[in-house]
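>>> sequence and computational prediction follow.
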Amino acid sequence: MNTDLLANSAQIIIACSVLFVWIFRFHNIESEFNNFGYSILFRSFVGVAKIALATLMLTGLCYDALSLPSTVGMAVFMLGAQYAHASANSEFRQRLPSLIFLVLCGFIIAHLSGLI
């Protein structure tokens, strides 16, 4: 299978999943951020940033120059999510989505950088 197709598919999966969770499953986000002890202001910052990055990842499918910076930004947030879950001693199943997205971001970054 073509790695361009795989990387584009990964971008779509990450972006659409992030948008879905932050827009339609916001009650889960509120609960998690409350459990982590984070402020509403921090939660709002993360939400706006992730929605913007997800939108840029989708836009990057048409404008290549946007793909790498938006994916790197998303990877940073997924690393932050892993740190937050580790700090809160979350179960592995709660860490898994951000871990999968982090791995997919790594694949996209490697592809866009010409490593694979």
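Structure's in. What do you need? Residues are numbered from 1 along each chain as shown.
>>> okay, CA-based contacts and neighbour counts for the rest of this
Fine.
>>> what about residue 14, how many neighbours?
23 (other Cα atoms under 10 Å).
>>> spatially, and excluding backbone neighbours, which residue is closest to it.
Nearest non-adjacent residue to residue 14, counting by Cα to Cα, 6 or more residues apart in numbering: residue 101, 6.2 Å away.
>>> and for residue 43?
Leaving aside its chain neighbours, residue 43 sits nearest to residue 33 (6.7 Å; criterion: Cα to Cα, 6+ apart).
>>> can you read off the pLDDT for residue 35?
Looking at residue 35, its pLDDT is 87.
>>> need the contact list for it.
Residue 35 is in contact with residue 88, counting by Cα atoms under 8 Å, 6 or more residues apart in numbering.
>>> which SSE is it in?
Applying DSSP states H and E as the criterion places residue 35 in helix 26-36.
>>> for this protein, which segments count as strands?
Taking DSSP state E, the chain contains no strands at all.
>>> pull out the buried positions in stretch 28-40.
Under the neighbour-count criterion of 16 or more other Cα atoms under 10 Å, stretch 28-40 has 30, 32 buried.
>>> also stretch 78-88?
Going by 16+ other Cα under 10 Å, stretch 78-88 has these buried residues: 78, 79, 81, 82, 84, 85.
>>> likewise for stretch 11-30?
Within stretch 11-30, the residues scored as buried using 16+ other Cα under 10 Å are 11, 12, 14, 15, 16, 18, 19, 22, 30.
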